[in-house]
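Asker: quick one: sequence plus predicted model below, questions after.
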Amino acid sequence: MSDLRERLQDLYKKKRVVGLSAEDAERLPDYLENSGLKFRFFVGDLIRRNAKGSVESLISAAATGSEEVRRSAVHLLGKICRELNDKRQAEIAETIETSLKDPDPKVRRNAAIALGDLKGPKVIGSLAETLSAEPFEWVRSSMILALGQIGGPKSATILERVNAKSDLEDEALTKARDRVAVFEVGESKRLDAFPEEREIELRSAPGLEDILCAEFVEISGREPKVVQTGSARVTVQELDSLGQVRTWREWLIPVGERDLADRSEAGFAHAGLELLVEGLETFVAIYGKQEHVSRYRIEVRGRETSHESRRKLIKHWVVDLEGRYPDFANSPSHYEAELRLQRAKTKASLYLKLTCEADTRFDYRVADVPAAMQPATAAGVVRLACPQKGASRVLDPFCGRGTLLFGRAHSGMPVGELVGCDVSGNAISAAQANRDPSTRANLSFLRGDGCSIRLEGRFDELISNLPYGIRTGSHDKNVDVYHTFIDRLPEWMNDGASITLVTQEMDLMKDLFSRSNHLSLSKVHRIDTGGLQPGVFVGMFRN
């Protein structure tokens, strides 16, 4: 036991989430107790990585462990359940369902959250039974939300009978009832064009706004203007080109803005209501009067407004809007338009997002893995890479779910064969599930370590999102991995091959390019991928 603890402490210090032997994985739940919070989180990550080996002891811990262990065990069982076979999933669901009656309220709350995430209709009766007996409002609200997540007529009937006993429960009940409600959808609102020309704002990953503008000009002939990092505006009427441009993450309609001479909550409440009215009027101007109730969601962003203030403001605005616009209803879970209020210190702005306009550009994605690159960002990286003009063989030795290879396949440039490999079996399974039948590209995915796998033939392009050493691994491990990877390039690449590498390890990659006799660096482009600012290194391989 002490030997394993020492190894776990060493892995924790190095921030390495690795595969363990079946014997060690089975003992991991023992370390969910009497340790620091950060270390327990680390053990939890190891359990998720080694789910098959840990599940038996985790099920036991959920039933017989201390309060602290039971809380963690139930939470983790909910996280790993879908990764296991049907028999194990049924066993886990039964264990979590039993935990709804645990004497500890935090265990009961974690069980309700897990069952809601799993969405198994068989547990609706158990949730209803424990909800009726639950004394704590913060546990009851989680049970209410779980019924909403599971959905279906049975959940809807139960939720209609629930009487909220606090503001927290009332908010949960509103969300849950909205989730299970059956709405009259009406005819499809799919737009081919606005009634008249209108300005839209295109959002990309920060750092890729110029790439977005160049692609939009190429496809539509209209040139957007960058307004800030990650955002560009353009006036359009026809909308067909939006479905062909792959580098935007979302597009919004700028509705209006108000100066906040009065910076108090009352001042923002007044300005916000005026803007929301303009937002609904804009929706009507685009779609006309509808035969059914149109549903919206209000989103408030900005550091100037606390979470509690957001809740109170939205409640106030909804009451006012319902009186003015009986043909509209606030529906946080099922909505055709998002009214997004952005609050800054001296200004409030409103954007309208038409969520009823389906984005089908990346419909091939049916499976995901943690920390995967967003596909619109991948499309921008591919354009930065300047793909080879001839039919090429393309390699990604750290492919994850294959996002960069799918982006290359849809880039519009000719391509012969695309090969991805990854050490993670879950990632390769996701990539294979995401194989896109709409493209004729020859895609293949292999499981194996990118530093040791044997590949047939040579490649004309290499494009890869390298390990960052943040979620798993470490900088020290990256040093070894990166050096080994670079050393293997002469084995894989044709002379003149293009090399595009995305990494957070800026200094390490610059050093490797400068020391290599086979690599020349053309450019380094910084982008933002949700809090991280990796560099995109674009260069060439020479034998």
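Answerer: Ah, there it is.
Asker: alpha carbons only: can I get stretch 363-375 in CSV?
Answerer: Written as CSV, here are the backbone C-alpha positions of stretch 363-375 (Å, rounded to 0.1, in the frame of the first residue of the first chain):
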residue,chain,number,x,y,z
ASP,A,363,-22.4,17.2,-38.2
TYR,A,364,-19.9,14.3,-38.6
ARG,A,365,-19.0,14.7,-34.9
VAL,A,366,-20.8,12.0,-33.0
ALA,A,367,-18.1,11.2,-30.5
ASP,A,368,-15.8,13.4,-28.4
VAL,A,369,-12.9,13.3,-26.1
PRO,A,370,-11.8,15.7,-23.3
ALA,A,371,-9.8,18.7,-24.3
ALA,A,372,-10.3,18.2,-28.1
MET,A,373,-9.7,21.2,-30.4
GLN,A,374,-12.9,23.0,-31.5
PRO,A,375,-13.5,22.1,-35.2
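Asker: ranges for the helices of the stretch 201-350 of the chain?
Answerer: In the stretch 201-350 of the chain, the segments counted as helices under DSSP state H, counting those that start in this stretch are 209-220, 265-287, 307-324.
Asker: wait, the stretch 401-543 of the chain
Answerer: Counting by DSSP H, counting those that start in this stretch, the helices of the stretch 401-543 of the chain are 403-409, 425-433, 475-487, 489-492, 506-515.
Asker: now residue 156, nearest residue through space, not along the chain?
Answerer: residue 180 (4.1 Å; CB to CB, 6 or more residues apart in numbering). C-beta: built from backbone N, CA, C; applies to glycine.
Asker: which residues touch the one you found?
Answerer: Going by CB atoms under 8 Å, 6 or more residues apart in numbering, residue 180 touches 147-148, 151-152, 155-156, 159.
Asker: narrow those residues to those in helices?
Answerer: Judged by DSSP state H, the subset of these located in helices is 147-148, 155-156, 159.
Asker: most neighbours, which of these?
Answerer: residue 147 (29 neighbours; other CB atoms under 10 Å).
Asker: which outside residues touch the strand or helix carrying residue 92?
Answerer: Secondary structure assignment for residue 92, by DSSP states H and E: helix 86-98. With contacts defined as CB under 8 Å, 6+ apart, helix 86-98 is touched by 55, 59, 62-63, 74, 77-78, 80-82, 84, 111, 114-115, 118, 120, 122-123, 126.
Asker: so which bits of stretch 194-214 are buried?
Answerer: 194, 198, 200-209, 211-213 (16 or more other CB atoms under 10 Å).
Asker: greatest separation within those: which pair is it?
Answerer: Spanning the widest gap among these are 194 and 207, at 29.3 Å by CB to CB.
Asker: looking at the buried residues of stretch 194-214, which is nearest residue 400?
Answerer: residue 205 (16.6 Å).
Asker: from residue 464, how far out is the closest one?
Answerer: Separation of residue 205 from residue 464 (CB to CB, to the nearest Å): 17 Å.
Asker: where are the low-confidence patches of the stretch 51-200 of the chain?
Answerer: 182-189 (pLDDT under 70).
Asker: hey, where'd the strands end up in it?
Answerer: Using DSSP state E, counting those that start in this stretch, the strands found in the stretch 51-200 of the chain span residues 193-203.
Asker: spatially nearest residue to residue 336 (excluding sequence neighbours)?
Answerer: In space, residue 336 is closest to residue 356, 4.0 Å off (CB to CB, 6+ apart).
Asker: count the residues that sit near that neighbour.
Answerer: There are 18 residues near residue 356, going by other CB under 10 Å.
Asker: now the one 3 residues further on
Answerer: By the criterion of other CB under 10 Å, residue 359 has 14 neighbours.
Asker: measure it to residue 245 for me?
Answerer: In terms of CB to CB, residue 359 sits 11 Å off from residue 245.
Asker: is it true that residue 418 touches residue 399?
Answerer: No. Counting by CB atoms under 8 Å, residue 418 sits too far from residue 399 to count as a contact (9.2 Å).
Asker: any shared contact partners between those two?
Answerer: By CB under 8 Å, 6+ apart, residue 418 and residue 399 have these common neighbours: residue 405.
Asker: ok so, going back, a markdown table for the contacts of residue 180, including distance to residue 519?
Answerer: Shown next, in a markdown table, are these (distance: CB to CB, whole Å):
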| residue | distance to residue 519 |
| --- | --- |
| 147 | 57 |
| 148 | 53 |
| 151 | 53 |
| 152 | 56 |
| 155 | 57 |
| 156 | 60 |
| 159 | 60 |
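Asker: who's in contact with residue 229?
Answerer: Per CB under 8 Å, 6+ apart, neighbours of residue 229: 206-207, 209, 528.
Asker: coming back round to it: which of the contacts of helix 86-98 fall within helices?
Answerer: Using DSSP H, the members of the contacts of helix 86-98 that fall in helices are 55, 59, 62-63, 74, 77-78, 80, 111, 114-115, 118, 126.
Asker: filter these down to the buried ones and hand me the ChimeraX line.
Answerer: In ChimeraX syntax, the buried subset of the ones in helices among the contacts of helix 86-98 is picked out as below (16+ other CB under 10 Å):
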select :55,59,62,74,77,78,80,111,114,115,118,126
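Asker: domain assignment for the chain?
Answerer: As assigned by automatic domain parsing, the chain contains the domains 2-180, 193-353, 375-541.
Asker: let me have the helices of the stretch 401-543 of the chain in TSV, extended by mean neighbour count.
Answerer: Below are the helices of the stretch 401-543 of the chain laid out as TSV (neighbours: other CB atoms under 10 Å):
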stretch	mean neighbour count
helix 403-409	26
helix 425-433	19
helix 475-487	16
helix 489-492	15
helix 506-515	15
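Asker: follow-up on the earlier one: what residues of the helix holding residue 92 count as buried?
Answerer: 88-89, 91-93, 95-97.
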